[in-house]
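**Q** from the sequence below, what's the structure:
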Amino acid sequence: MRCTIVGAGVSGLSSGIRLLESGHDAHIVSDKFSPETVSDVAAAIWYPFLVKPAERADTWGIVTYDVLEGLCDSAPEAGVRMIDGREYLRDVVDSPPWNDEIAAFRILEDSEIPDGYVFGWEFRVPVIDMQLYMPWLKNRFEELGGTFEKGFVERLQDLEGDVVVNCVGLGAIELCNDEEVKPARGQIIFIEQDPGVGHFDQQPETLTYTIPRTNVTVLGGTAQVGDWGLEIRDEDNDLILSKVEAIWPDLDRSKIVGGTVGLRPSRSEVRLEKEEIGDTRVIHNYGHGGAGVTLSWGCADEVVSIAGARKES
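**A** Next up is the predicted model:
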């Protein structure tokens with residue numbers, strides 16, 4: 001089957017790789033490629049939190065977890081490694097449904113919880129260095145026989161192929177006339193200081209995180225829905241640092257080395273479904289918000305499943 005994929009971010013590349021591995025042809029068309037995609041600036045830690053539809057997202061997430069964990073040993077050049085992180089909460093809640101499916105999970109002791117919080121857990125998950133991971137995905141796609149084309153797609157039905165896989169992210173606002181898709185602006189800071197473990201407050205109104213990579217730690221964050229601004233703002237840096245210091249008091253501001261901004265493709269829930277547009281068979285795979293990497297391989301497997309069902313019908 002000839003498959004044309006729109007979008008060269010993590011969703012498009014992962015879908016293309018899985019289609020190729022399943023014996024299909026895959027061709028990616030995009031107006032932007034790494035290092036210019038939104039995926040390239042993702043903080044990139046596996047964590048399926050506040051993603052809808054929850055039941056499907058948890059399944060996609062566990063599939064992706066297993067793939068990423070395997071890459072730590074099988075492909076170290078992909079830039080994936082396992083870290084321990086701690087989630088802090090202001091209420092006592094049930095453990096996440098995936099807690100028994102990951103390498104390690106435990107409830108925190110009271111002495112491990114910062115002031116202002118009452119509950120939390122520690123978990124072991126993959127963290128992904130996107131500066132290494134995106135080139136690795138691209139190389140894997142090409143090794144399997146995938147091809148690329150630079151171009152701006154105005155209508156899905158104009159594309160060639162037996163199936164079109166739509167991974168355009170924010171581009172769906174115009175391409176699909178999808179008013180549910182909105183940018184969620186994320187500003188982050190890079191610091192040459194290791195927090196030892198990752199620290200997280202994933203509630204949207206107080207979003208805070210420290211994600212240790214191999215060379216820097218990523219500090220965040222913001223989730224400003226509807227904000228298209230790509231310039232780094234001093235007031236957002238000040239807010240991020242004050243939030244991080246509340247859960248990581250040892251932060252040393254003198255070790256800050258930079259920062260960046262990305263626009264997450266937020267949506268009320270991920271759109272992963274088939275649609276007939278005229279004579280064109282389309283599989284939509286977009287709207288992952290800040291969980292694009294976390295759900296990528298699980299969503300890619302479902303794309304292949306839908307494509308195969310289309311082939312047989």
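
**Q** ranges for the strands of the stretch 51-200 of the chain?
**A** For the stretch 51-200 of the chain, strands defined by DSSP state E, counting those that start in this stretch occupy the ranges 80-89, 105-107, 119-128, 147-150, 163-166, 182-191, 198-201.

**Q** okay, these in a markdown table with mean neighbour count and distance to residue 113 next?
**A** The way it works is simple: take the backbone N, C-alpha and C, and place the C-beta from them, glycine included. Output for these, formatted as a markdown table (neighbours: other CB atoms under 10 Å; distance: least, CB to CB, whole Å):
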| stretch | mean neighbour count | distance to residue 113 |
| --- | --- | --- |
| strand 80-89 | 19 | 6 |
| strand 105-107 | 14 | 10 |
| strand 119-128 | 21 | 5 |
| strand 147-150 | 12 | 48 |
| strand 163-166 | 26 | 43 |
| strand 182-191 | 22 | 23 |
| strand 198-201 | 24 | 11 |
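
**Q** how about those strands, which one is nearest residue 17?
**A** strand 163-166 (11.8 Å; CB to CB).

**Q** number of residues surrounding the closest residue to residue 157 other than its chain neighbours?
**A** Spatial nearest neighbour of residue 157, chain neighbours left out: residue 280 (4.3 Å); criterion: CB to CB, 6 or more residues apart in numbering. A count of nearby residues for residue 280, using other CB atoms under 10 Å, gives 18.

**Q** if I look at residue 280, how far off is residue 224?
**A** Remark: distance between residue 280 and residue 224 (CB to CB, to the nearest Å) = 35 Å.

**Q** and residue 243, helix, strand or coil?
**A** helix (DSSP: H, G, I helix; E, B strand; the rest coil).

**Q** wait, it touches residue 208, no?
**A** Yes. Using CB atoms under 8 Å, residue 243 makes contact with residue 208 at a distance of 4.2 Å.

**Q** residues shared between the contacts of those two?
**A** Jointly contacting residue 243 and residue 208 under the rule CB atoms under 8 Å, 6 or more residues apart in numbering are residue 201.

**Q** more crowded one of these two?
**A** residue 208 (22 against 19).

**Q** I'd say the more buried one and residue 200 touch.
**A** Yes. Between residue 208 and residue 200 there is a contact at 7.0 Å, judged by CB under 8 Å.
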